[in-house]
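In: Got a sequence here, can you build the structure:
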Amino acid sequence: MRRRNFHMIGAMGRLDQLDLTERLSSRDYESRLQAAQRRLLQLRLHLGGQLGSGELGPALLVVFEGPDAAGKGGAIRQIVGPLDPRHYSVHTYSAPTFDEKRHHFLWRFYRELPGLGGMAVFDRSWYGRVLVERIESYASVEQWGRAYEEIVQFESTLVREGMILVKLWLQISDDEQLRRFRGRESDPLKRWKLTDEDWRNRDRNREYEQAAEDMFARTDHDLAPWDIIAGEQKRLGRVKVLEALNRQIEVGMHRFGTLAPSFDDLDESALHS
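Out: Here you go, the predicted model:
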């Protein structure tokens, strides 16, 4: 398996190459969002055996990472919105419990992995080992240092056994993060999302970005590459998330030996049944 190395491209990392100034008009957003959501629904129904041959396709696991307030929750809502609730699950991960810490760091994620034909979305994941646990010294240097290879081997096993693993990183600027924090702080219905830890983490944004660059360099591989998406404008970020997801599903179906359906073959009655 060929491992990609994007740690340094010239003097720039992958996050530095993002264009955070790009914008999408409301009109273009609606048309691209609808097309991407319909394509996702079509692909999801084929994976689950509700369309096509009726046979179960590969499992689908979508992993989201990125800084606080980058738009992961909103992007997830756009992904699952058109889907039948019986056809997916969403799991959010924070600090491991006492019992979870008694096991290998990957143990707690096994329970929610989807099987053939299933779909799950992880809001944060095992990458906490090389991000927050590294920065906050919750894991030793030896522990997080060896985690890169453990993660790659783990992911490779999952994909070879019949999973499409899509890894998405949403990125925003410090200024946009601050604007979103203040928006949450001023809204009594969103204030619960903001914690003292979120404010404290802002002071270490450069450390987290360096950890992310190391993570991209050491865990981007052919079976599960990273898609790094500018989330500065929520509209554009959400559309690009959906489009990247659809693209990776098509690649994964081909790897699995399943023919991805043509978008031109959409059956209106089947999609709305």
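
In: contacting residues for the most centrally placed residue in the chain?
Out: Closest to where the C-alpha atoms of the chain average out (C-alpha atoms, centre = their mean) is Phe64, at 2.6 Å. Phe64 is in contact with 72, 75-76, 121-125, 168, 170, counting by C-beta atoms under 8 Å, 6 or more residues apart in numbering. From N, CA and C alone the C-beta is placed, and that goes for glycine too.

In: Quick check, pLDDT for the residue lying closest to it once chain neighbours are set aside.
Out: Nearest non-adjacent residue to Phe64, counting by C-beta to C-beta, 6 or more residues apart in numbering: Lys72, 4.4 Å away. With respect to pLDDT, Lys72 has a value of 97.

In: now do the one 4 residues further on
Out: Turning to Ile76, the model gives it a pLDDT of 98.

In: What sits closest to it if chain neighbours are left out?
Out: Val121 (5.6 Å).

In: for Ala147, same thing?
Out: Nearest residue to Ala147, sequence neighbours excluded (C-beta to C-beta, 6+ apart): Arg129, at 4.4 Å.

In: Please give me every residue in contact with that neighbour.
Out: Taking C-beta under 8 Å, 6+ apart, we find Arg129 in contact with 105, 139, 143-144, 147, 151.

In: rerun that using 7 Å as the cut-off
Out: 105, 139, 144, 147 (C-beta atoms under 7 Å, 6 or more residues apart in numbering).

In: next one: Arg200
Out: Per C-beta under 7 Å, 6+ apart, neighbours of Arg200: none.

In: With Glu155 instead?
Out: Applying C-beta under 7 Å, 6+ apart to Glu155 gives the contacts 165, 223-224.

In: Which secondary structure elements does the helix or strand where Leu236 lies sit against?
Out: For Leu236, the host element (DSSP states H and E) is helix 234-256. Judged by 3 or more C-beta pairs under 7 Å, 6 or more residues apart in numbering; DSSP states H and E, the packing partners of helix 234-256 are helix 26-47, helix 72-80, strand 163-171, strand 226-230.

In: mind listing what's buried in that helix?
Out: Across helix 234-256, burial judged by 16 or more other C-beta atoms under 10 Å covers 234-246, 248-250, 252-253, 256.

In: before we move on, the earlier item: which one among the contacts of Glu155 gets closest to Leu113?
Out: Nearest to Leu113 among the contacts of Glu155: Leu165, at 9.9 Å, using C-beta to C-beta.

In: does the closest one really touch Ala59, like I thought?
Out: No: counting by C-beta atoms under 7 Å, Leu165 stays clear of Ala59, with 8.8 Å between them.
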